[in-house]
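**Q** need a structure here:
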Amino acid sequence: MAVMAQCPVCRQKQSNQNKKCTGCGEDLVKAKKSNRVKYWIMYKVEGRKIWEYIGISIRDAQDADGKRKAQKRENPFFSTKNNRITFQELTDWYLSQSKIKKKGYFKTLQYRLTKWNALFGSRMVLSIKSSELQNHQESRLEEGWAESTIDQELGAAQTMIQYAIDDDMISGDALKPFRKIERLVKGNSNARDRIITLEEFYRIMDAVPEYAKGIVSLGFFAGMRLGEIMGLTWDKVNLQHDTPHIKLQKTDTKEGREKIVPLACRIKGNPYELLKVTPKGIHDDHVFLYRGKPLSRIRDGFSRACDDVGLNYGRFARGGFIFHDLRHCFNTYMRRAGVDQLTIMKIMGHSPGKNLEMTFRYSTFELQDLGLAIEKLENYFMNGKQIGGEESFGKR
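**A** Residues are numbered from 1 along each chain as shown. All right, here's what the predicted structure looks like:
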C-alpha cells in the first residue's frame, strides 16, 4: 500500500516522495504548495491493483492509506465491493430491489436520493466524511429547508446504506459518518396541532377541485396518509361488504404493516359515497386519476381551497394548515368520540410503543370492531349539532 501523487500537468501517478514528475519534469514540490497535486492511494485486493482517489490533502491520503491497511489486517476477505462502490452505483442497486420498489413512498425515496447524488454521486461511499454531511446540513438550513425535511433526507441515505451493509454490499464503516450527525428535530418537537372544525372541512370540500374531493375525504374521515391515498388501487377497495373498507398491504404503508381502514358511509361528504361515484380508468387501476393518469399531487388545488375559505396554508404559516393535518384531525376527533386508543392506532397504523406493545400484539381487531369505531366518529359529529346531521347521506 502507498500514497501516490498525481502530476497536475501530465496526470501521471507516482511516488509521493518524488520532487519532480518522472513523466514531464514538473516541480511537484511547488505544485503541492499551491494545492495542484491530487493524492491517491494504491493497494492490492484479490490480486488486483486498486486506485482510490482521496483529494488534495496529503493528511487525508495518509489517513485513508492507514485505514485500508487496518481493514485488510482485520478482514482477510476484504473485497473490492467493500470500498469501490460509488453513491450513485449504490443508489441504482438499492432502487432496483423488488422490496424497495414496492414501498408506498418509493417516489419520495427516489427524489431524496437524487438530491444526495447531486452532491456525492461520483464519490465512493466510504470516502464521505461526517464533516461534509454537517456542512450539507447547514447549507440546507441556510436555504430555508424545514428541519424535518433535512432529517428525512439524511434518513433516506442512512437507510439505504444500512440495507447495503445487511446485504454485504459494503462494509459497516460506510455508516459511521451518518451516525455521527445529530438529528435537527428532537423528540416530538415537530408535531403539529392544527385542528379544523367539521364546518371548515365542508368549506374546503366545496372549494377543492372535483377530482380531489375523495382524497380530502379519506384524509379527514379515514386518517389516511396522502401517499397511501394517491397510490390506492381499486383492488384494495371493498365497497360491497357490510362494513366498507380499504385493505392496504405492507408495501402500501409507511409502517410496513398491513392495515384495514373502515369507511364512513352515513355523514355528509363521506368517502364511501364519493368512491362509489368515482369513475374507474380503462388502462389504469389507480382510484384517483386525472386525464387518465394517476394523480401525482394535489398541493395547488388544496392550497387554493384553504385560501378560499380563509385558512392559512403552509407548514410555516401562522396557524398554517397542510394536508397531513387532516390525519391529525381524524385522530383527535376519534378520541373525542370515545374510541379507545388501541383501535385508533390500529386504523391509523401507529406503532404502539413499548408500554402498549404486548397489549397491542395480543389484541384482536375484527373488521366489525373497526366499523363500530367509525360509527362512533359519525355519531359524534351528527349528534354534536355540527354540519352533517340534516344533510347526511342515508345509512347504507
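**Q** how about residues contacting the strand or helix carrying Phe302?
**A** Counting by DSSP states H and E, the element that carries Phe302 is helix 299-308. The contact list for helix 299-308 (Cβ atoms under 8 Å, 6 or more residues apart in numbering) reads 204, 207-209, 212, 216, 312-314, 321, 323. Where you see a C-beta, it was placed from the backbone N, CA and C, and this is true even at glycine.
**Q** over to stretch 137-152?
**A** Under Cβ under 8 Å, 6+ apart, the answer for stretch 137-152 is 112, 153-154, 181, 183-185, 190, 315-316.
**Q** okay, how far is it across it, tip to tip?
**A** This stretch, stretch 137-152, spans 11 Å end to end (Cα to Cα, to the nearest Å).
**Q** so for that stretch, mean pLDDT?
**A** Taken as a whole, stretch 137-152 carries a mean pLDDT of 84.
**Q** just to revisit the earlier point, what pLDDT, on average, does the helix holding Phe302 get?
**A** 90.
**Q** dump the C-alpha coordinates for the next helix or strand after that helix into PDB.
**A** Scanning forward in sequence from helix 299-308 by DSSP H and E, the next helix or strand is helix 324-336. C-alpha atoms of helix 324-336 as PDB (Å, rounded to 0.1, in the frame of the first residue of the first chain):
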ATOM      1  CA  HIS A 324     -51.300  15.900   6.800                       C
ATOM      2  CA  ASP A 325     -53.200  17.900   9.400                       C
ATOM      3  CA  LEU A 326     -56.400  16.100   8.200                       C
ATOM      4  CA  ARG A 327     -54.900  12.900   9.700                       C
ATOM      5  CA  HIS A 328     -54.300  14.700  13.000                       C
ATOM      6  CA  CYS A 329     -57.900  15.900  12.900                       C
ATOM      7  CA  PHE A 330     -59.100  12.300  12.400                       C
ATOM      8  CA  ASN A 331     -57.000  11.100  15.400                       C
ATOM      9  CA  THR A 332     -58.300  13.900  17.700                       C
ATOM     10  CA  TYR A 333     -62.000  13.500  16.700                       C
ATOM     11  CA  MET A 334     -61.800   9.700  17.100                       C
ATOM     12  CA  ARG A 335     -60.500  10.200  20.700                       C
ATOM     13  CA  ARG A 336     -63.200  12.800  21.400                       C
END
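**Q** share the number of residues neighbouring Lys176, please.
**A** 13 (other Cβ atoms under 10 Å).
**Q** show the pLDDT at it.
**A** 84.
**Q** mind checking which of the contacts of stretch 137-152 are in helices?
**A** With helices taken from DSSP state H, the overlap with the contacts of stretch 137-152 comprises 112, 153-154.
**Q** for the stretch 101-250 of the chain, just list every one of the strands.
**A** Listed in chain order, the strands of the stretch 101-250 of the chain (DSSP state E, counting those that start in this stretch) span 237-238, 245-248.
**Q** give me the contacts around the longest one.
**A** Right, strand 245-248. 222, 224, 228, 232, 236-238, 258-263, 367, 370-371.
**Q** direction included, what does it pair against?
**A** Applying DSSP bridges, strand 245-248 is found paired with strand 237-238 (antiparallel), strand 259-262 (antiparallel).
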